[in-house]
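In: quick one, structure for this:
(one chain, ligands or ions: 1)
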Amino acid sequence: RKAQIGVTGLAVMGRNLARNFARNGYTVAVHNRTYGRTRELVEQFGGEGDFVPAASSEEFVAALERPRRVLVMVKAGAPTDAVIEEFAALLEPGDVIIDGGNAHFEDTRRREAALRERGLHFVGAGVSGGEEGALHGPSIMPGGPPESYESLGPMLERIAARAPDGTPCTAHVGPDGAGHFVKMVHNGIEYADMQLIAEAYQLLRDVAGYSPAEIADIFGRWNEGRLESYLIEITAEVLRHTDAATGRPFVDVVADRAEQKGTGRWTVQTALGLGTPVPGIAEAVFARSLSGHAELRAAAAALPGPQTRDGGGRMAPDEAAAFAERVERSLYASKIISYAQGWDMMRAGSEEYGWHLDLSATAAIWRAGCIIRAGFLDRIRGAFTNDPWLPSLLADPAFAKELGEAQQAWRDVVAAAAAGGVPAPGMAGALAYYDALRSDRLPAALLQGQRDFFGAHTYQRTDREGTFHTLWAEDRSEVRA
Ligand code: NDP
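Out: The predicted structure follows:
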């Protein structure tokens, strides 16, 4: 018997993906640098399906049917390069190497180009959903040559999560690095969404005066409405959890330093290069890094905050409930803005790299399996299905209507955050983005004047074609540049 797929790298992700393939009836060759992990997998889970353990890379390659499909699930970066090289040397033209790790899309582009020269198909596949998703159904975002999807696609469709309408949460995203690019943007959106949820929590706690358990109930209710999502659901769980050792709310015993593995930072760096404004994602990345700067926080700890009303404390119940309602609107509106920025970025990446991304399909494959999974994604899918050329999610009639309905509450919440001394960079930044885009005139006109003044950078006029410069140091007359 030959294996239809091989998985190399059997830490949590690789092991669970291998089990997922086996549980779905595939014969799976398994391999790991350290053989102990391979043995352990077969000992513990051998009964779940048909595994072919391989002690060496040669044995592993020999166990695979042709064209061979090798899924690499090792540490991102240099280890991935080393493992790809090890297998590329043993494979034959037409075989497929899939990198399911968290590679930077530029690395994936480089690897794809190099392997294409050697006649091999290289598929950089974003995989989201963590350990549990890998086992029970992740969202999978494969890039690479379209031909590779012909044989690989049906297998991925079998192991992927399913959207509520039954469609598998995977699709060929686009050529070369498109899959890893889209996965990167997914993570950027995830950062922004988490930051907004965290701000909503802090507002409910510090402005309204709710306890973590009460906020858990509020999130639980929100999870039954338009905010319904995996992230809101787990937020309620985390807030409801009590620390066993101290009996205090878990959220009060965890150090308030948010860590990051880097995909949010990549998203922002890439957006800067593409010239696409993604302030919601950037604020989220910066909020995490700010939280970790103990020395900066200590240096500023004595600075005064606002004089709180009645010395702070709880709002009256009716007032608090009304405030929570406004926070829900603010969170929802800010969420639309963050997702809009993520989709702008995918469009920009698609144009830059010639990927022809299907913006509706991306939303479709994030409906289940991944961290940002939510009914909301189906609405985004619908918006881009109705109009593939939609210039921004903000222009979709249904989202525009909701933003309009939310905007007054949103302003009230951002004002309450400022008045209460609660940092809400995500919500405030999202509102600023909304106001900037809908503005008739931006102060960018003044910026152009400044630039022309100090650097003769020229400007255009609203009333005439052409490029102009004012002779600021002379008689301030205008000349054509
Ligand atoms: P790790 O990222 O911790 O990587 C460990 C695996 O890499 C082990 O199998 C290890 O082998 C192997 N490895 C490391 N260096 C080398 C090397 N030089 N040569 C050969 N093998 C090597 O494992 P995870 O399962 O957490 O993640 C796998 C990939 O999936 C990563 O790229 C990660 O970013 C990505 N990912 C992870 C998610 C998660 O939730 N953890 C979610 C989505 C993607 P050995 O046993 O011999 O040490």
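
In: list the contacts of whichever residue of the stretch 51-200 of the chain sits closest to the ligand.
Out: Nearest residue of the stretch 51-200 of the chain to the ligand: residue 101, at 2.5 Å (Cβ to the nearest ligand atom). C-beta coordinates here come from the backbone N, C-alpha and C atoms, glycine included. By Cβ atoms under 8 Å, 6 or more residues apart in numbering, residue 101 lies in contact with 9, 13, 72-76, 80.

In: can you check which helix is longest in the chain?
Out: Of all segments of type helix in the chain, defined using DSSP state H, the longest is helix 317-353.

In: quick check: next helix or strand after it?
Out: helix 359-365 (DSSP states H and E).

In: and that next one, what does it pack against?
Out: When contacts are defined as 3 or more Cβ pairs under 8 Å, 6 or more residues apart in numbering; DSSP states H and E, helix 359-365 sits against strand 139-142, helix 317-353, helix 376-386.

In: could you redo the last one with a cut-off of 10 Å?
Out: strand 139-142, helix 178-206, helix 317-353, helix 376-386 (3 or more Cβ pairs under 10 Å, 6 or more residues apart in numbering; DSSP states H and E).

In: compute the number of surrounding residues for the closest residue to residue 214 other than its chain neighbours.
Out: Nearest residue to residue 214 in three dimensions, chain neighbours excluded: residue 204, at 8.0 Å (Cβ to Cβ, 6 or more residues apart in numbering). For residue 204, the count of nearby residues is 23 (other Cβ atoms under 10 Å).

In: quick one: residue 204 and residue 383, what's the gap?
Out: 29 Å (Cβ to Cβ, to the nearest Å).

In: so which residues of this protein form strands?
Out: Along the chain, the stretches classed as strands by DSSP state E are 5-8, 27-31, 50-53, 69-72, 96-99, 121-128, 139-142, 468-470, 478-480.

In: of those strands, flag the one that's most buried.
Out: For the strands of the chain, the largest average neighbour count (mean count of other Cβ atoms under 10 Å) is found in strand 139-142, namely a mean of 30.

In: what's the distance between that one and the middle of its chain?
Out: Centroid separation for strand 139-142 versus its chain: 13 Å, with Cα atoms, centre = their mean, to the nearest Å.

In: same thing with stretch 397-414?
Out: Centre to centre, stretch against its chain (Cα atoms, centre = their mean), the figure for stretch 397-414 is 23 Å.

In: how close does the residue nearest to residue 214 get to the ligand?
Out: Residue 204 is 29 Å from the ligand, where distance means Cβ to the nearest ligand atom, to the nearest Å.

In: one step back: which members of the contacts of residue 101 additionally contact the ligand?
Out: 9, 13, 73-76 (Cβ under 6 Å from any ligand atom).

In: need the residues you listed in a markdown table with neighbour count and pLDDT, can you?
Out: Below are these laid out as a markdown table (neighbours: other Cβ atoms under 10 Å; pLDDT from 0 to 100):
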| residue | neighbour count | pLDDT |
| --- | --- | --- |
| 9 | 25 | 98 |
| 13 | 23 | 98 |
| 73 | 25 | 98 |
| 74 | 23 | 98 |
| 75 | 13 | 96 |
| 76 | 17 | 94 |
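
In: list of residues touching stretch 58-67?
Out: 1-8, 27-32, 38, 52-54, 56, 68, 70, 86-87, 89-96, 120-121, 147-148, 150-152 (Cβ atoms under 10 Å, 6 or more residues apart in numbering).

In: one more time with 8 Å
Out: Here stretch 58-67 has contacts from 2-6, 8, 29-31, 52, 54, 68, 70, 87, 90-92, 94-96, 121, 151, using Cβ under 8 Å, 6+ apart.

In: got it, and stretch 204-222?
Out: So stretch 204-222 is contacted by 197, 201, 228, 232-233, 235-237, 239-240, 249, 251-252, 312-315, 319-320, 323-324, 327-328, 331, 416-417, 420, 422 (Cβ under 8 Å, 6+ apart).
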